[in-house]
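Asks: Here is my input, please return the structure:
(one chain, ligands or ions: 2)
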Amino acid sequence: MRKTIPDFEKMKQAGEKISMLTAYDYPSAQFVEEAGVDMILVGDSLGMVVLGYDSTVPVTMEEMLHHTKAVRRGASQTFIVTDMPFMSYATIDLAIVNAGRLIKEGGADAVKLEGGMDIVPIVQTLTRAGIPVVGHIGLTPQTANQLGGYKVQGRDLDSAVQLVKDGQALEQAGAFMIVLEAIPRQVAAQISSGLRIPTIGIGAGPDCNGQVLVFHDILGLFKRFTPKFVKQYAELRLDSVQAIQQFHNEVKQSTFPSEEHTFGLSDEVIQKLYG
Ligand code: KIV
Ligand code: NA
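Replies: Residues are numbered from 1 along each chain as shown. Ligands and ions are numbered 1, 2, ... in the order given. Prediction:
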């Protein structure tokens, strides 16, 4: 059964952790749903792990829609959050049109936007229009250059206080959940305990109300870099290359296809054809 926004709030109240994992296409969505994960994020990280861009900045609305549709086809029973890509919510007018498309055409249940107090008017407009919004504060990859790179945020007093304020502002603006990325555990704990809505951490320590990671990172499918907060649960890239090498070698050695993967004619037809 697809969980609902009230279910996630109840999980926070009951102290039950929320699991979230990214998925980007039909098979990955099927795997995540079959594993019983609570929510799927169609992250704009797909720009890096699936499309090979250097950052999330080039990702387009059309790409997010394309992947969201495939994920929905693979996971009809799972709550889906889709990232709004860079520049798709630069104004309120753009935000409402683009968020509406991700829900109506893409089949997402909610959208995620990067930013705190600065995006309050957009979050208000979207929630009033009936579009569920997830916030994302701390390390915000779409504006990583302004933050001085992919760095832990909220380490000094001023920026820690700002993050707490951002969390409160997002909740008041109507966000139903907030992703906290790459911040000290103490700051994440304070944000989480001070809010009614759940927090989902990535590199934000164990006291968030849930955790999210990237599909390709936990399965060992992406090798360009691995942040400290990633836990890798499998080595599928290596397994894949080895399997492909074996196929390649068997073709070269003519050991594939063998009898079991080959069609033939019946003896009767062979007899008639070739005597
Ligand atoms: O794009 C993404 O995958 C994300 C998560 C890492 C939170 O935004
Ligand atoms: Na993202």
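Asks: only C-alpha atoms for contact and neighbour calcs from this point on.
Replies: Will do.
Asks: Show me the shaky parts of the stretch 1-150 of the chain.
Replies: Applying pLDDT under 70 to the stretch 1-150 of the chain flags no residue at all.
Asks: Let me fix that, I meant to ask about the stretch 151-275 of the chain.
Replies: For the stretch 151-275 of the chain, no stretch has pLDDT under 70.
Asks: Just the helices from it, written as ranges.
Replies: Along the stretch 151-275 of the chain, counting by DSSP state H, counting those that start in this stretch, helices occupy 157-173, 185-194, 215-218, 236-252, 267-274.
Asks: Who are the packing partners of the first one?
Replies: For helix 157-173, the helices and strands in contact under the criterion 3 or more CA pairs under 8 Å, 6 or more residues apart in numbering; DSSP states H and E are helix 120-128, strand 133-138, strand 177-181, helix 185-194.
Asks: nearest to ligand 2, of those?
Replies: strand 133-138 (8.3 Å; CA to the ion).
Asks: Make TSV out of the helices and strands packed on helix 157-173 and add mean neighbour count.
Replies: As requested, those are exported to TSV (neighbours: other CA atoms under 10 Å):
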stretch	mean neighbour count
helix 120-128	19
strand 133-138	26
strand 177-181	27
helix 185-194	19
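Asks: Using a markdown table, lay out the ones you listed together with distance to ligand 2.
Replies: Converted to a markdown table, the helices and strands packed on helix 157-173 look like this (distance: least, CA to the ion, whole Å):
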| stretch | distance to ligand 2 |
| --- | --- |
| helix 120-128 | 17 |
| strand 133-138 | 8 |
| strand 177-181 | 10 |
| helix 185-194 | 18 |
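Asks: Any idea which of the ones you listed gets closest to ligand 1?
Replies: Taking CA to the nearest ligand atom, strand 177-181 is the member of the helices and strands packed on helix 157-173 nearest to ligand 1, at 6.3 Å.
Asks: what's in contact with the closest one?
Replies: 133-140, 167, 170-171, 188, 197-204 (CA atoms under 8 Å, 6 or more residues apart in numbering).
Asks: what's across from residue 39 in the sheet?
Replies: On the basis of DSSP bridges, residue 39 is bridged to residue 20, residue 79.
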